[in-house]
Every structure is written in C-alpha cells, then in structure tokens.
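# Give me coordinates for this.
(2 chains)
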Number of protein chains: 2
Amino acid sequence: MKAARTATPPSPLRIALAGLGTVGVGVLRLIEANRAIVEARAGRAIAVTAVSAREAGRDRGVALADAAFEADMTALATRPDVDVVVEAVGGADGPALALAEAALGAGKGLVTANKAMIAHHGLRLAELAARNGAPLAFEAAVAGGIPVIKGLREGAAANAVERIYGILNGTSNYILSTMEATGADFAEVLAEAQGKGYAEADPAFDVDGVDAAHKLAILAAIGFGAQVDFAAVATSGIRPVRAADIAQARALGFVIRLVGVADCQEGRLLQRVRPCLVPAGHPLAHVTGATNAVVAEGNFAGRLLFQGAGAGAGPTASAIVADLIDIARGTAGPPFGLPAPELAALPIADPGGRAGRDYIRFTVADRPGVLAEITAAMRDAGVSIESLIQRGRADEDGGEVLVAMVTHEGPERSVARALELLEGSPSLTAVPLVLPILRD
Amino acid sequence: MKAARTATPPSPLRIALAGLGTVGVGVLRLIEANRAIVEARAGRAIAVTAVSAREAGRDRGVALADAAFEADMTALATRPDVDVVVEAVGGADGPALALAEAALGAGKGLVTANKAMIAHHGLRLAELAARNGAPLAFEAAVAGGIPVIKGLREGAAANAVERIYGILNGTSNYILSTMEATGADFAEVLAEAQGKGYAEADPAFDVDGVDAAHKLAILAAIGFGAQVDFAAVATSGIRPVRAADIAQARALGFVIRLVGVADCQEGRLLQRVRPCLVPAGHPLAHVTGATNAVVAEGNFAGRLLFQGAGAGAGPTASAIVADLIDIARGTAGPPFGLPAPELAALPIADPGGRAGRDYIRFTVADRPGVLAEITAAMRDAGVSIESLIQRGRADEDGGEVLVAMVTHEGPERSVARALELLEGSPSLTAVPLVLPILRD
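Have a look, this model is predicted:
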C-alpha cells in the first residue's frame, strides 16, 4: 500500500481554457482568488497556459498575460504545453464537441460544464477518454456547484441505487415557487423573470424540461451504471401549470415542482421530467427559487439529499476546479463510475404498468352532466378517485370551470385510458393536465 | 496524462474487519448484497480475509467461512494477507486506537467510523498514515451514510470555506423535533426514546453535544485545512431546553435545533455545538427525526446542503465501503484534504466580539419589579431587546414565570455582561438559558 514518492516537486497542471464567457471568466477568477487553497489541495501548481475566445483583446477583469491566445479553439487540444482542456463554450455539438474529441483524442484531459454535450455524446466521449488514457470530468454539468456527481459516483458507490430524482432546473423552480408565493400565472412570472435576467429570451430549454432532462440522463447513467441515454427521457414542462393548479395542490397538501425522476426496475430504465405534486413535508417542497436539489436513494445509505445553487459563474467554477483538482491529484476515475465498456445499454421501461397517484385537472364547460361524464370515464377505466374539487366559474380563470381530482394509487395506463375515453368530448374545453404525485 | 495499464487483472483488495457488532456485520451484509456493484466500481475484487470479535463462533447471519479469525484484534494489522483494516470497535482510545496505530504503522490502510478516535487522535493518525504511505479514511465518522467528508474535502475543494454548520446528532434532533411535535418536555421524550432504543441508557454523549462536537471537529479540520482540535469545541447540550422554549421560539418564527457551527475568521477557528434558534424558513428547520444535515458555505459554491440518515448499520456500511472503493481504486488522498504536515494549528477565536442575536429565557419570581431589573441589566450591558414575551404562572411550568426575549444583533460579550449583572439576583429562580439565533 505504499504510495509512490517523488523527490522533485510535481510539475504544474497546465490548463487551456476554451471560452471566456461567464463560466470561463468565473474559472479564472476562482483560480486567482483561491490559488493557495486550490494548489494545496491539488498538490501541484495550476497554470493557465492557453485560452481561446471569440474576441482576443477584450478586458475581462482577469489576468491573462501569461496565457497564449489561440484564435482556433481546437488548436488548444494539440498544444504541447497543455495537460487539460476546460471547455466553457457550450452547445451539444459543433465547436464544443470538436474540441472535446480533439482534446481526448490527443490524450489531454477534458473538463466541461456542458450538460447537453454529455447528455448526447457522453458515452462516446467516455470511450474516447478511456482509449486514450485521458481523464474526462463534468461535475459542473449537473446542478452547478453541488458535488452531486461525485456524491453519487463515489460517495454512494457502495449502493444499488433505487431511484434518483430532483429539482434540476433553477429557472423552472424560480417560476413555480414565485407563482406559489404570488398567485401569479406562468406567463406573468416568466415575463418578470426574463426582465430580471433569470430566464432566457427563449425559455424553452428551461421551462419545457430539456435542461433538466440533460442532467437527469447524466445522473441516471452514473447511478445505474448505464449508457447515458438522453433520447429515452420523457419530458414535459411547466407551461401548462396554472396558478389555479398550484392553489388546488396547496389545498390538498402539495406543492408543484418540476422533478426529474429516474429509476431502474428489472433491468429497465425509466427517466422522466415532469411537473409533479410534491407532499408539503418532503424536502423538495422546501426548495424555492433557483436552487437545485437531488435525492439519491441507495439500498444501504437510504435517502441522500444534495442541495445548493444550481447555476451561476461561482458555483459552476467551483465544480470545474474541483474536477481539475481531482485530475491534478491523479484521482479522476471513469466519469460515469464504471469503465465505459461496462456501462449497460438499458432498455426503456414501460411506465404503463407502474402504480402511482395523479392530480388531474379538467377545464370544462359549465353545464349539467359534465361531472357525471368525467367520473364515469374514470370508473370505466378503473381509476379510483381519492378527492375531487370543482371550482366554480371565476373571472381570473377566464370564466372557465376547473375540476381537479387526486386519484388513489393505480396503474398509470388506467389514467391514460380514462383520458382516451374523454377525448373529443364537448364537455372539455381544453386538454386535461395530469401531474403525477411524487412518491415519498 | 496516460494512465498506467496492467495486463493482468488487478489483485483483490484484502480486508480485515475488527468488530462484528452492528457496524461490522452491516459491512459484511453490504459486501454480500452489493458485491457485483462494489467490485465493478472498485475495479477489483473485495475479499474479507480476516476478522476479529469478542466471540468467535456466534452466528451473525453472514458468511464468514472464508475469513480467518484472530482472537487478538491487533494481530489483524500484521497479517500478510491484509491490505486494509476496517475498525468497527469504537472508543476514542484503547483497542481501537492500538489497532489503528498498528495497522497504519504496518503500512496497511485503515477505514473507520470512529468519530471519537478521529476527533481526538486524527492528526497523529494522519501523520502516521502519511509516513507509512498508508491510506486512512473515515467518511462514516461524520453523518453516517451522507458523503459529506468527500463532498467537503473534494467536491468543495476549490472553495475557501466560510462556515460549516449542521445537525450532527440524530438522537438530539429526534428529541427536539419530537418535543416540537408533541409539546412534551425533554425528560419525557428522552425516556420514550430510550424505550424505543433511539437513545442510549446513558444519553450524555448525544444530548450533551459531545458526539456532535466530535463530528464538527472533523468537518472543521477538513473545511479549514486545520489540525483537528476537539478540545477547542465549546459544547452545550439540549437538556436545559424546555417545551416552553420551543413554544416561544415557534411564536417568534423559529425552531430549536442542536447545531454545530465552525467558522474561521482572521485565521482563528471558532467551533461550537449549541442548541440554536433556526429561522423557520431555513433548510435545517425542516430536518426532523434522526436525520443529519450539514451546510458548507464556500466562497464560490455558495451554500451546499448534504442531508440524510446520520446513523444506522446500512448508512454506516455505505460510507465504510465507499472508502474501501476509493482505496481499491488508489484514489484515497490525504484524509483531511491536505498532507498532514500542511494542516494548520489554528488558534481559537474569542467569541466575545462576534455579533449575533440571542434568545434569552429567564425563570423569575412572580413579584413586582422583576422585569424592570432584567431590562435595566440589558440596558446597562448595552443589549438591545427586539422582542419580549412574559408568560404568566402556568401549572405546566411548575408555577414558574418565564420571561423570553430576543435581542437585536450585538456583541456576544454584552449578553454575557448582562447575565453577570443579574447573577445572584433573588428575582431569578434558575440560571437563564441563552440560545443563539442561527445566522441565515
């Protein structure tokens, strides 16, 4: 068990940084501010030897004099004075992917915060890294500064993971928790969030669940020892959630959160991102604002919760530099926890047979017999209703009548069947909204 | 950056297990149940080659046929067929420490859940480990299955940690949250917890804050790169907390939790375990039952929360085997995050100058002038009162009158001074209780 000793001090870890936007500059700021701590924990000096960005000369408030500038980003990958490339460019494909492939192909380490790229190409990049003996790390790709990848891959490594779930998108959580606090509707809160810079001009990535799905796919791959499979994530977003749903949920003892859930039963993987009803006493119910939180349930550790800032320059830089420290120490293992060839190609589970409870909200015409029609369809499909609230015509609902119900536990396909029976009914003025109740 | 490759499969990691109580048997059960997962993540087979326990032959429901039995525990440390010793005996000194020293001295790895031993002797053991090139790991010593040592030491490694605090003792948290839920007093809930086996017959270790102080000292050493210094932890427990305090706190928007807090300002370390008032909206306020939760505040990552089961055979085994996986992979670094010689001997901070808010509860005689005397002492000591509740003589308080106040932020020494002014006053029928309000 004797560790190798060297008589000479270890050589610096030489880093090339691609991208000098918020994330890239955050990394430089962190290294500047915390250099003594970072180098002590890394056991080596850290030197940024080269950078690349669209504009060379712009003042970014950080010292770059010691770093060579490459106009061609991909050239960073083949510089002899570089050990690790930090990719802070973004985008699933294009220049980021080209750089990642070039760096790993050249045997350089790659550290990235790029969740889209890892969700889409993580398996191939992990294989490339393994073939070339190059470390690959992406702690910053999931939940910002929260060390949840390390926590799951190493901290919970001794467990068969039973379920992984969490609040993985800060923008959606900000919108939902603001709707909850103010009673405002989605569009209003989104506009306000856009005004404050909390949401993008095109918010689809965040509010339609795509960003959360990227992160869920990465977590699921690590937790279940599987090949990352973004295409298999069933995703729906928060746009259909109304202030009235949040109010009804509250009356029933729940809050609404966009939750990504992955589990593996009988060797089949189920990954879904959906707005869910979360019991008011559950730890995720207390997660408000742009915070992220991930729960991993292990067969020995029980329920582990990791919570913190899910985005931002500081938290992202914290995760990137933590990866760099692992690489500097030579302790970065396989990025998904298992050697790439051992990652399983898990088939997708059929959710239809899964038992669960749902919140179902109907928007209905205000006329006799509507309730009878809905409840008959539920009965015919074998859905058992636990509670039902009909809310009368109200101006703030545009004069619509809402019927909200919570089902008893039953197979998911029964609810789907009930909605099929009601499809095309003139009693319904809009497509019903089904929100699963998070299993505690 | 090429990793070393070996042509032959790696040899098994050979483990000796000292102690076959709850923890030791939990480790064996985990290895049995999750062997495929553990070995895949470790990249090597795991073999328990030797065990030691007080009774050799007892049936513990786990297979031990392949393991040699040593009546003399310390003999495990020198067996040639052992790479790592798992110490599951307990106790700060005595046989556990002798075994740890023998194992590390012989260049074997040591994995332990023994918080008392690490809190008291962690620095010396880390030095011994470093001198002998032997890995030392103790994830299970703090907060059971929650990978908070790894999270702090590696996940947050890029940060200057500003503060570490948390709920570190499950028994105390169970008692306080049960008092909160039921309105019962300490003695009653303790007796009930003892009956259920949630609290020891001698509960001092848990309810007087010693166990939490062990864990805090370990976390502080890692977070601040310091020599672990248990003797420097100022500790008070939950025995003086009454149901009436919990009710008053609730009326003021707080819950009461036993919180360990460590911070480092101007190179001086302050470590304290005390019952605190926690704002109802703070994540720690939602932590009920035997759960543990740790917050680490990093200067880039922001506030990171780690939460889960703080004790029990399963969670403890999960943490121990995670350490074994790190050792099997050769990625276990210095146990406190820095090489032992670099850990700083930090002087103890004087808390007197710290600014804070307090809850102060007086038990007073029911006669005129008492309030005037108390408030005059506060004024004379420069303590500014934010709110004050006098609660009249009530039978459930044994006919005592309680005066509870919350102070505005001010130096801690002012409150101490006010209490000095009141010392020996016949108006007070008991020593006042001061509970700090956790800074959000």
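# helices or strands up against the helix or strand encompassing A:A217?
Using DSSP states H and E, A:A217 falls within helix A:210-224. For helix A:210-224, the packing partners by 3 or more CB pairs under 8 Å, 6 or more residues apart in numbering or on different chains; DSSP states H and E come out as helix A:115-131, helix A:148-150, strand A:161-167, strand A:234-235, strand A:254-265, strand A:268-279, strand A:291-298. All C-beta spots, glycine's among them, are computed from the backbone N, C-alpha and C.
# Could you identify the helix or strand that succeeds the least confident helix or strand in chain A by mean pLDDT?
One helix or strand of chain A scores below all others by mean pLDDT, DSSP states H and E: strand A:385-391, with a mean of 88. Per DSSP H and E, the first helix or strand lying C-terminal to strand A:385-391 is strand A:401-407.
# and A:E266, how many neighbours does it have?
By other CB atoms under 10 Å in any protein chain shown, 6 other residues sit near A:E266.
# buried ones in stretch A:409-419?
In terms of neighbour count (16 or more other CB atoms under 10 Å in any protein chain shown), stretch A:409-419 has its buried residues at A:G410, A:P411, A:E412, A:R413, A:S414, A:V415, A:R417, A:A418, A:L419.
# how close does the first one get to chain B?
As for A:G410, its distance to chain B is 30 Å (criterion: CB to the nearest CB, to the nearest Å).
# Just the pLDDT at that residue, thanks.
Here the pLDDT value assigned to A:G410 is 95.
# For A:P436, see how far away it is.
Separation of A:G410 from A:P436 (CB to CB, to the nearest Å) stands at 12 Å.
# shared neighbours, those two?
Taking CB atoms under 8 Å, 6 or more residues apart in numbering or on different chains as the contact rule, A:G410 and A:P436 both touch A:G356, A:R357.
# ok, back up a step: tell me which of the buried residues of stretch A:409-419 is nearest to A:V84?
A:E412 (45.1 Å; CB to CB).
# who touches the closest one in this structure?
A:E412 neighbours (CB under 8 Å, 6+ apart): A:P351, A:G352, A:G353, A:R354, A:A355, A:G356, A:D358.
# quick one: the residue nearest to the fourth one when sequence neighbours are not counted and A:P432, what's the gap?
Think A:R354. In space, and not counting its chain neighbours, A:R354 is closest to A:E412: 5.2 Å by CB to CB, 6 or more residues apart in numbering or on different chains. As defined by CB to CB, A:E412 lies at a distance of 14 Å from A:P432.
# Next: A:R124.
Applying CB to CB, the value for A:R124 to A:P432 is 40 Å.
# Same question for A:F69.
Distance of A:F69 to A:P432, given as CB to CB: 56 Å.
# Compare neighbour counts for the two and give me the winner.
A:P432 (19 against 12).
# Farthest pair within the contacts of A:E412?
The largest separation in the contacts of A:E412, counting by CB to CB, is between A:G353 and A:D358 at 14.9 Å.
# Please say which of the two ends up with more neighbours.
Ranked by neighbour count (other CB under 10 Å), A:G353 and A:D358 place A:D358 first, with 23 against 10.
# how close does the more buried one get to A:V255?
Taking CB to CB, one finds A:D358 at 16 Å from A:V255.
# So A:L104 sits against A:L136, correct?
Yes. Proximity of A:L104 to A:L136 meets the contact threshold set by CB atoms under 8 Å, at 6.4 Å.
# is it true that A:T74 touches A:L97?
No. Judged on CB under 8 Å, A:T74 makes no contact with A:L97 at a distance of 10.5 Å.
# Mind checking which of the two has more residues around it?
More neighbours surround A:L97 than the other of A:T74 and A:L97, with 20 against 17 (other CB under 10 Å).
# helix, strand or coil for the more buried one?
Under the three-state scheme (DSSP: H, G, I helix; E, B strand; the rest coil), A:L97 adopts helix.
# ok, now which ones touch it?
By CB under 8 Å, 6+ apart, the residues touching A:L97 are A:G91, A:M117, A:H121.
# anything in contact with each of A:L104 and A:L136?
In contact with both A:L104 and A:L136: A:L110, A:L125, A:A129, using CB under 8 Å, 6+ apart.
# follow-up on the earlier one: other SSEs contacting the least confident helix or strand of chain A?
Using 3+ CB pairs under 8 Å, 6+ apart: strand A:385-391 touches helix A:243-251, helix A:370-381, strand A:401-407.
# Just tell me which of those ends up closest to chain B.
Among the helices and strands packed on strand A:385-391, helix A:243-251 comes nearest to chain B, with 16.7 Å by CB to the nearest CB.
# chain center to that closest one: distance?
25 Å (CA atoms, centre = their mean, to the nearest Å).
# helices or strands up against it?
helix A:170-182, strand A:254-265, strand A:358-364, strand A:385-391, strand A:401-407, strand A:433-436.
# between those, which gets the lowest average pLDDT?
Note on the helices and strands packed on helix A:243-251: lowest mean pLDDT is at strand A:385-391, with a mean of 88.
# which residues touch that strand?
For strand A:385-391, the surrounding residues in contact (CB under 8 Å, 6+ apart) are A:244, A:248, A:251-252, A:357, A:371, A:375, A:378, A:397, A:401-408.
# again, but for stretch A:66-75
A:16-19, A:47-53, A:56, A:76, A:79, A:81, A:89, A:95, A:98-99, A:102.
# 7 Å - rerun?
Outside of stretch A:66-75, the residues within contact range by CB atoms under 7 Å, 6 or more residues apart in numbering or on different chains are A:A18, A:V48, A:T49, A:A50, A:V51, A:S52, A:A56, A:L76, A:P95, A:A98, A:L99, A:A102.
# Surely A:A141 and A:N114 touch.
Yes. Assessed by CB atoms under 7 Å, A:A141 is found in contact with A:N114 at 6.2 Å.
# residue ranges with poor pLDDT in the stretch 51-200 of chain A?
Counting by pLDDT under 70, the stretch 51-200 of chain A shows no low-confidence range.
# So which residues on it come close to chain B?
Applying CB under 7 Å from any CB of the partner chain, one finds that the stretch 51-200 of chain A approaches chain B through A:83, A:107-109, A:133-135, A:145-147, A:150-151, A:154-160.
# picking up where we left off before, any quick ChimeraX command for the buried ones out of the shared contacts of A:L104 and A:L136?
To isolate the buried members of the shared contacts of A:L104 and A:L136 in ChimeraX, using 16+ other CB under 10 Å:
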select /A:110,125,129
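# can the helices and strands packed on strand A:385-391 go into a markdown table with extra columns for mean neighbour count?
Below are those laid out as a markdown table (neighbours: other CB atoms under 10 Å in any protein chain shown):
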| stretch | mean neighbour count |
| --- | --- |
| helix A:243-251 | 19 |
| helix A:370-381 | 17 |
| strand A:401-407 | 21 |
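# So for A:K196, which of these sits nearest?
Nearest to A:K196, of the helices and strands packed on strand A:385-391 and by CB to CB, is helix A:243-251 at 19.4 Å.
# Next, the residues that contact the closest one from outside, please.
For helix A:243-251, contacts defined as CB under 7 Å, 6+ apart pick out A:179-180, A:183-185, A:255-256, A:277, A:359, A:361, A:389, A:391, A:397, A:402, A:404, A:433.
# Same question for stretch A:229-247: list its buried residues.
Within stretch A:229-247, the residues that count as buried by 16+ other CB under 10 Å are A:229-230, A:232-233, A:235-247.
# scratch that, stretch A:424-438 is what I was asking about
Using 16+ other CB under 10 Å as the test for burial, stretch A:424-438 gives A:S427, A:L428, A:P432, A:L433, A:V434, A:L435, A:P436, A:I437, A:L438.
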